[in-house]
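**Student:** Mind looking at a prediction? Sequence and model below.
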Amino acid sequence: MNCLPHSSRLNFVTRDFNSHVYIYMPGIFSFAFTLMLTVVVTVEQTSHHLTMANSESTKDHGNRMFLWCSARSLSSVFTKCVSFMEGAQVWFEPYTSCYLNFLFSEPENMAKFPKLNSMEGQIRDTTEQMENFDHYFDGGNLTPSSRFNSYDWLQEQLEKPLAEGKSFMFVKEAALCVDGFYEKLPRIPFRHTFIIRDPCKTAKSCHAMFIELYEHKGTSESFDMYQSNPFLNWDRMSRDPLYSLWKYVKESLDPQPVVIDADDLQNYPDQILRKYCEAVGIPYKEKYVEWPESDKSLKYCYGPLDQMVWGKRKHVYGVAFESSCFRPIGGEKPAFEDLTPDAKRFAKELREGYEEMYPTRIKPAC
């Protein structure tokens, strides 16, 4: 599948020369030289046409980008930061809502993963409670998660013109929620950017998050986040959806996708943020490294209202939503040998992708 529009695909055409060069070369050497010249001219013309097409498409559709992530990667903090940039139209996890609705709507999914019943009940309770009182996320751009019941519908929403007064679209999303649904990505040009994090940190944080989401009553050691979990353990999913998507983007859309590392972002926020903005065409300002602590402004994001409220209540987003800057890393990195068995398994699964993506990241000048 190619997510570029038809006008952006390669078109090999013949150049009209205004001047002619006559070279006499005997036999096979003449043929080889002619073939080489044809290839050079064709590649040059192709590059010119592709550059012009992409430039025209960006002009037509505006500057748009995804930030793809795994869970617990500082992506929500980064998204809150971007939401305060001038001209930002921010979408918060719209594909996640589609994915949850896909899970909840299929009886066989609910039977295969019984823990989903608890999660669905939590979100349903949140929705019902919100209908009975005003909420501080009311009055913005967020909409009920029930609207996100179709990948096709979301594809159309992301292809619409930018909102009035907005100069770029930023979509924060978990790669696992489009795993197996690449054909549902927007059919107009988007930059695909990625945030990665040390696998041991990600695995330890995910273990704690799923304990909360699935309301586990036992000890941390007795909890296995792979058991009955469609977000980690499903044969329809890639082992590492973020890595799989990154490879797909490299092969099909952009040979040099932008990658940032969460540790770099915490330790060198000005450098990484500045370079990221330069890479995706956002005018950078020094004030962007800090933002208001209140999360009330997040109602002006686009995305699922009740999902965001539920995620805040369940401490999935709470710290990120109340952030005001990128805080330097404190303490030591969790040691692999100290992780629980399920977290060790998860860290191992993330290691290959992390080690291949890490050298391609935006690097601080430290």
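**Tutor:** Good, I have the coordinates.
**Student:** those strands in the stretch 51-200 of the chain, which residues are they?
**Tutor:** In the stretch 51-200 of the chain, strands defined by DSSP state E, counting those that start in this stretch lie at 63-69, 88-92, 168-174, 191-196, listed in chain order.
**Student:** actually the stretch 201-350 of the chain, sorry about that
**Tutor:** Using DSSP E, counting those that start in this stretch, strands in the stretch 201-350 of the chain cover 258-261.
**Student:** which stretches of it have low pLDDT?
**Tutor:** Along the stretch 201-350 of the chain, segments meeting pLDDT under 70 are nowhere present.
**Student:** ok, now with 80
**Tutor:** Applying pLDDT under 80 to the stretch 201-350 of the chain flags the ranges 331.
**Student:** Quick one: the helices in it, in order.
**Tutor:** Counting by DSSP state H, counting those that start in this stretch, the stretch 201-350 of the chain has helices at residues 241-252, 262-267, 269-280, 305-313, 318-321, 341-357.
**Student:** Out of the ones you listed, indicate the one that is most buried.
**Tutor:** helix 305-313 (a mean of 22; mean count of other C-beta atoms under 10 Å). All C-beta spots, glycine's among them, are computed from the backbone N, C-alpha and C.
**Student:** Name the surrounding residues that touch it.
**Tutor:** Identification of contacts with helix 305-313 by C-beta atoms under 8 Å, 6 or more residues apart in numbering yields 92-93, 96-97, 100, 122-123, 126-127, 130, 135, 137, 142-145, 295, 298, 301, 317-318, 321.
**Student:** Select, out of the strands of the stretch 51-200 of the chain, the one closest to Glu290.
**Tutor:** For those, the distance to Glu290 is smallest for strand 88-92, at 15.6 Å, taking C-beta to C-beta.
**Student:** ok now that closest one, how far from the chain's centre?
**Tutor:** 12 Å (C-alpha atoms, centre = their mean, to the nearest Å).
**Student:** the domain parsing of the chain - what is it?
**Tutor:** 1-61, 65-360 (automatic domain parsing).
**Student:** Tell me which of these is the most buried.
**Tutor:** It is domain 65-360: most buried of those by mean count of other C-beta under 10 Å, with a mean of 18.
**Student:** what's the straight distance from one end of that one to the other?
**Tutor:** For domain 65-360, the separation between the terminal residues is 18 Å (C-alpha to C-alpha, to the nearest Å).
**Student:** would JSON lines of the strands of the stretch 51-200 of the chain with distance to Phe336 be doable?
**Tutor:** As requested, these are arranged in JSON lines below (distance: least, C-beta to C-beta, whole Å):
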{"stretch": "strand 63-69", "distance to Phe336": "22"}
{"stretch": "strand 88-92", "distance to Phe336": "32"}
{"stretch": "strand 168-174", "distance to Phe336": "24"}
{"stretch": "strand 191-196", "distance to Phe336": "17"}
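**Student:** wait, which of the helices of the stretch 201-350 of the chain is closest to Ile195?
**Tutor:** That would be helix 262-267 among the helices of the stretch 201-350 of the chain, by C-beta to C-beta, at 6.2 Å.
**Student:** Run through who's touching that closest one.
**Tutor:** Residues contacting helix 262-267 (C-beta under 8 Å, 6+ apart): 73-74, 78, 195-198, 201, 271-273, 326-329, 361-364, 366.
**Student:** which ones are touching the residue nearest the centre of the chain?
**Tutor:** Residue closest to the average C-alpha location in the chain (C-alpha atoms, centre = their mean): Trp68, at 1.6 Å. Contacts for Trp68 (C-beta under 8 Å, 6+ apart) come out as Glu173, Ala174, Ala175, His192, Thr193, Phe194, Ile195, Leu242, Leu245, Trp246.
**Student:** what about 10 Å?
**Tutor:** 75, 95, 171-178, 192-196, 241-242, 245-246, 249, 257, 259 (C-beta atoms under 10 Å, 6 or more residues apart in numbering).
**Student:** what does Pro334 give?
**Tutor:** Counted by C-beta under 10 Å, 6+ apart, Pro334 has contacts Asp198, Cys200, Lys201, Thr202, Ala203, Lys204, Ser205, Ala343, Ala347.
**Student:** any idea how far Val289 is from Leu142?
**Tutor:** Distance of Leu142 to Val289, given as C-beta to C-beta, to the nearest Å: 26 Å.
**Student:** can you check Arg147 too?
**Tutor:** Counting by C-beta to C-beta, the gap from Arg147 to Val289 is 34 Å.
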